[in-house]
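In: have a look at this fold, sequence not included:
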Ligand SMILES: NC(=O)c1ccc[n+]([C@@H]2O[C@H](COP(=O)([O-])OP(=O)(O)OC[C@H]3O[C@@H](n4cnc5c(N)ncnc54)[C@H](O)[C@@H]3O)[C@@H](O)[C@H]2O)c1
């Protein structure tokens, strides 16, 4: 990919799964990577693995539901690197997802927590990263959404609302700061069996998802990481304001 070498990028929600794969991929593309996560030990471990493989990465704790924590992360990036070229906001509260049912049943605690991380947290990351991007003439923000934003599922109401809201946030950012060189896009992954999901994901659901996916296989974290890298690279220079499905053709638009 063109133009990632030496770019200063951060992946928030990068201790595992899609975020960790993205941090690894960006480092393979010779970017300088900040690996941020509420799981500080996990973030440090991913950064350590990257560094051991010859990449340039550092771990940093960040709880995106906590504005002070987000501010500290962006302050750290500004102090250490003098700016930021790309931000992948990937974190979501996947624990809350397990109790996320329907509009009649879901607890307001689960609804509020889901929005606090998956949507408000993304706004906080956007708000505190933008000054770093703007002062150098722009950069790329990539949000991780989900096919759930558009599927219209009978369950996971909080998750779908949060991801749908992300599309509006992304379009707002692309429109408000596009002329300042900021690009914003969202990736909507299909089912990706991460190491976290591998153990307890029901086989029947895996097969049902595969049956409605045009690709002969389900996704990997690396499939999503590749699209993030493209969007952050110079190859993605004219892509902004888009929700991009990376889902093996689970949903046709
Ligand atoms: N795996 C899939 O099938 C799939 C499908 C569609 C969308 N997604 C989306 O992809 C993203 C990554 O999911 P994943 O499957 O890799 O899950 P994951 O649990 O491996 O990754 C989520 C990461 O976010 C971190 N996180 C959680 N709360 C946080 C907070 N408050 N502040 C900072 N970090 C926090 C977690 O510690 C974890 O490292 C999520 O946004 C998810 O909604 C996943």
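Out: Received, thanks. Predicted model, so just to flag it, every value in this text is computed and none were measured.

In: please count neighbours and contacts with C-alpha atoms only from this point.
Out: Fine.

In: which positions in the stretch 1-150 of the chain make contact with the ligand?
Out: By Cα under 6 Å from any ligand atom, the part of the stretch 1-150 of the chain that sits against the ligand consists of 13-19, 37-39, 62-65, 90-94, 117, 144-146.

In: narrow those to those that are buried.
Out: Buried members of those, scored by 16 or more other Cα atoms under 10 Å, are 13-19, 37-39, 62-65, 90-93, 117, 144-146.

In: now, which of those lie within helices?
Out: Mapping those onto helices (DSSP state H) picks out 17, 18, 19.

In: between those residues, which is closest to residue 246?
Out: The closest of these to residue 246 turns out to be residue 18 (Cα to Cα; 12.1 Å).

In: got a list of what that closest one touches?
Out: 90, 194, 221, 222, 224, 225 (Cα atoms under 8 Å, 6 or more residues apart in numbering).

In: out of these, which is nearest to the ligand?
Out: Proximity of the contacts of residue 18 to the ligand (Cα to the nearest ligand atom) peaks at residue 90, which lies at 4.6 Å.

In: next one: the closest one from residue 41, what distance?
Out: 17 Å (Cα to Cα, to the nearest Å).

In: rewinding a little: please produce a markdown table containing the contacts of residue 18, extended by secondary structure and pLDDT.
Out: Below are those laid out as a markdown table (DSSP: H, G, I helix; E, B strand; the rest coil; pLDDT from 0 to 100):
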| residue | secondary structure | pLDDT |
| --- | --- | --- |
| 90 | coil | 98 |
| 194 | coil | 94 |
| 221 | helix | 98 |
| 222 | helix | 98 |
| 224 | helix | 98 |
| 225 | helix | 98 |
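
In: got a PyMOL select line for the buried ones in those?
Out: Selection of the buried residues among the contacts of residue 18 in PyMOL, burial being defined by 16+ other Cα under 10 Å:
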select buried, resi 90+194+221+222+224+225
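
In: what's in contact with stretch 126-145?
Out: Identification of contacts with stretch 126-145 by Cα under 8 Å, 6+ apart yields 70-71, 74, 78, 83-91, 122, 163-164, 166-167, 170, 180-189, 228, 231-232.

In: in strands, which of those appear?
Out: 86, 87, 88, 89, 182, 183, 184, 185, 186, 187, 188, 189 (DSSP state E).

In: in TSV: the residues you listed, plus neighbour count and pLDDT.
Out: Shown next, in TSV, are the ones in strands among the contacts of stretch 126-145 (neighbours: other Cα atoms under 10 Å; pLDDT from 0 to 100):
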residue	neighbour count	pLDDT
86	30	98
87	26	98
88	30	99
89	26	99
182	23	98
183	28	98
184	31	99
185	28	99
186	28	99
187	24	99
188	23	98
189	23	98
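
In: ok, of these, which one's closest to the ligand?
Out: residue 189 (4.3 Å).

In: that closest one is in contact with residue 249, isn't it?
Out: No: with contacts counted by Cα atoms under 8 Å, residue 189 stays clear of residue 249, the gap being 10.2 Å.

In: let me see the ranges of the strands in this protein.
Out: Per DSSP E, the chain carries strands over the ranges 8-12, 32-37, 56-61, 86-89, 139-144, 182-189, 243-246.

In: could you redo these as a markdown table and give each row distance to residue 208?
Out: Output for the strands of the chain, formatted as a markdown table (distance: least, Cα to Cα, whole Å):
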| stretch | distance to residue 208 |
| --- | --- |
| strand 8-12 | 31 |
| strand 32-37 | 32 |
| strand 56-61 | 37 |
| strand 86-89 | 29 |
| strand 139-144 | 23 |
| strand 182-189 | 16 |
| strand 243-246 | 18 |
